[in-house]
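K.L.:
curious how this folds, go ahead:
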Amino acid sequence: MTLRIPKGLYQQMLRHALHEAPCEACGFLAGKDNRVSRVYEMENLERSDSSYFISPRQRAWTMGDIERRGLKLLAVYHSHIESPPYPSLRDREVAVEKDVLHVIVSLANPAKAPAARAFQIADGVVAAAPLMVVRGE
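P.N.:
Here you go, the predicted structure:
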C-alpha cells in the first residue's frame, strides 16, 4: 500500500517533529483510500529523546474524532532525534496495529531537511512501505 500525503500535511508533520526536538514527536495520520487528509499532532507524555507515549485519553479522543469524520487511521508517526528513519527495537516491540503504517521522521542530520519513511510492522518484522508526497491538501 502506498501512503499518499499532500505536501502541506507532510510539511506539518515535519514541523511538528522539529518543534518537539530534542524530544520525540508523535501523532496520527488519518484519511481515506491511503491518502492522508488530516494530521493529528499528539503529546509525547514521556518527553524523551528516544521514545514516546500517547495518553490513552488523547488516543481515545483522537480515534473518536477520526471515526466521526468518516476517516481511517492510516499511520502512526514519530520522530527519531539522532537515528535514521528506521524502526528501533522498541518501535518493533510496541507496534500492534498490523493494518496501520508507521512513519518515522529522522532529525539525525541537522544540515539537511528531516527525512521520513514509512514501514509496515507485523509481529516485529519490518517491511518498507511506499510514501508519496503529492500536490494539494
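K.L.:
can you name the element that comes right after the least confident helix or strand in the chain by mean pLDDT?
P.N.:
Sorted by mean pLDDT, DSSP states H and E, the helices and strands of the chain end with helix 89-94, the least confident at a mean of 89. Toward the C-terminus, helix 89-94 is succeeded by strand 101-106 as the next helix or strand (DSSP states H and E).
K.L.:
and the contacts of that following strand?
P.N.:
Outside of strand 101-106, the residues within contact range by Cβ atoms under 8 Å, 6 or more residues apart in numbering are 1, 3, 13-14, 17, 25, 29, 74-80, 83-87, 91, 95, 114-121, 129, 131. No exception for glycine: its C-beta is placed from N, CA and C like everyone else's.
K.L.:
please pick the buried ones from these.
P.N.:
Buried members of those, scored by 16 or more other Cβ atoms under 10 Å, are 3, 13-14, 17, 25, 29, 74-80, 85, 87, 91, 95, 114, 116-121, 129, 131.
K.L.:
ok, the residue lying farthest from the centre of the chain - contacts?
P.N.:
Residue distances from the centre of the chain (Cα atoms, centre = their mean) peak at Ala111, which lies 22.0 Å from the mean C-alpha position. Contacts for Ala111 were tallied using Cβ under 8 Å, 6+ apart; there are none.
K.L.:
ok, which stretches of the chain are strands?
P.N.:
In chain order, the chain shows strands spanning 3-6, 26-32, 35-42, 72-80, 101-106, 115-122, 125-129, 131-134, with DSSP state E as the criterion.
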